[in-house]
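>>> Next comes the sequence, and after it the predicted model I'd like to discuss.
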Amino acid sequence: MASKSALSMVERLQEVKKSSNKSYSQIAAETGLTNVYVAQLLRRQAHLKPETVPKLRAALPELTDDLISEMMRPPFRSFDPDLLQEPSIYSMSAIDFYCSVDKISGVDGKDRVVVTFDGKYLPYTEQKSEHMLSRPRN
């Protein structure tokens, strides 16, 4: 569970976004990030890289130095034991993973949502000692 100070930090970041009157997609377009990653950054669930700071500051000028410093710290993570029981989710690598949420116009002219998950799938591997290269072979 995140601490009270962590929650207030997220609230401050969300207030900066709200006062900008920009969507996550608009901020993403200005920074070269995906809209989901921008949302993660502004919820302290992703790590802000130094090379991205100028772009994010340009997109959200109200970001203060203390908010930027906090965003560059390791992100907040949560633990859900039920998630670990789902094999297709558990095997999806977040190391090489992209996600985007986009709004498109359907054939009837109504708004539709497209959620794209683009990640490396890691199959389960049976760990046999004979495959362990650091062990001497007899």
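Everything's here; your move. Residues are numbered from 1 along each chain as shown.

>>> only C-alpha atoms for contact and neighbour calcs from this point on.
Fine.

>>> And the strand ranked longest in the chain, what does it pack against?
Among all segments of the chain classified by DSSP state E, the strand with the greatest residue count is strand 92-105. Applying 3 or more CA pairs under 8 Å, 6 or more residues apart in numbering; DSSP states H and E, we find strand 92-105 packed against helix 35-41, strand 111-121.

>>> and the ones you listed, which is most packed in?
Among the helices and strands packed on strand 92-105, ranked by average contacts under mean count of other CA atoms under 10 Å, first place goes to helix 35-41 (a mean of 20).

>>> Can you list the buried residues in the following helix or strand past that one?
The C-terminal neighbour of helix 35-41 among helices and strands, as given by DSSP states H and E, is helix 53-59. Within helix 53-59, the residues scored as buried using 16 or more other CA atoms under 10 Å are 53, 55, 56, 59.

>>> Of those, just say which sits nearest to residue 70.
residue 53 (11.9 Å; CA to CA).

>>> quick one, what contacts that closest one?
residue 68 (CA atoms under 8 Å, 6 or more residues apart in numbering).

>>> how much space between it and residue 117?
25 Å (CA to CA, to the nearest Å).

>>> re earlier: and the angle from the longest strand of the chain to strand 111-121?
160 degrees (axes from the mean of the first three to the mean of the last three CA atoms, to 10 degrees).

>>> Right, I'll call it a day here.
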